[in-house]
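Asks: output the structure for:
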Amino acid sequence: QVQLVESGGGLVQAGGSLRLSCAAPGRTFSNYARGWFRQAPGKEREFVASINWSGDYTYYADSVKGRFTISRDNAKNTVYLEMNSLKPEDTAVYYCAAGILHTKGSAGMESWGKGTLVTVSS
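Replies: Below you'll find the predicted structure:
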């Protein structure tokens, strides 16, 4: 049963922008914290950003702070990740997640998508 579906990945040049979306067809996550994570080739999955259920509080990894923005639209049951000033080191598969706890990490995340690939060329 697919619960979270990411979209918006692709190939972009360094310095460019992309907007990722994460929809939740068939299930509402409006009362859940949502997060974005990424996994680069040969590396472990890492935290990128998270947002609480209302959208009032956010956390960011130091590596993306000031460049990425997480937001959500509970009416659309969707969370977004706006990525600006992209760097080659941002290349990874990006995953969205949902969970009861809002943390700076994967603790408490219960549902995961299958990921969308972002490739940043130099």
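Asks: quick one: pLDDT of Gly108?
Replies: Listed pLDDT for Gly108 reads 83.
Asks: pretty sure it is touching Ala98, no?
Replies: No - assessed by C-beta atoms under 8 Å, Gly108 is found out of contact with Ala98, at 9.6 Å. (Glycine included, C-beta is placed from N, CA and C.)
Asks: give me phi/psi at the spatially closest residue to Thr58 that is not a sequence neighbour?
Replies: Closest residue to Thr58 in three dimensions, ignoring its sequence neighbours and counting by C-beta to C-beta, 6 or more residues apart in numbering: Ile51, at 4.9 Å. Ile51 adopts backbone torsions of phi -140, psi 140, taken as degrees, to the nearest 10.
Asks: Val64 - that's part of a helix, no?
Replies: No - checked against DSSP: H, G, I helix; E, B strand; the rest coil, Val64 lies outside a helix; its state is coil.
Asks: hang on, it packs against Val48?
Replies: Yes - using C-beta under 8 Å, Val64 is in contact with Val48, at 5.8 Å.
Asks: what's the helix or strand for the most centrally placed residue in the chain?
Replies: The residue lying closest to the centre of the chain (C-alpha atoms, centre = their mean) is Trp36, at 2.5 Å. Applying DSSP states H and E as the criterion places Trp36 in strand 33-39.
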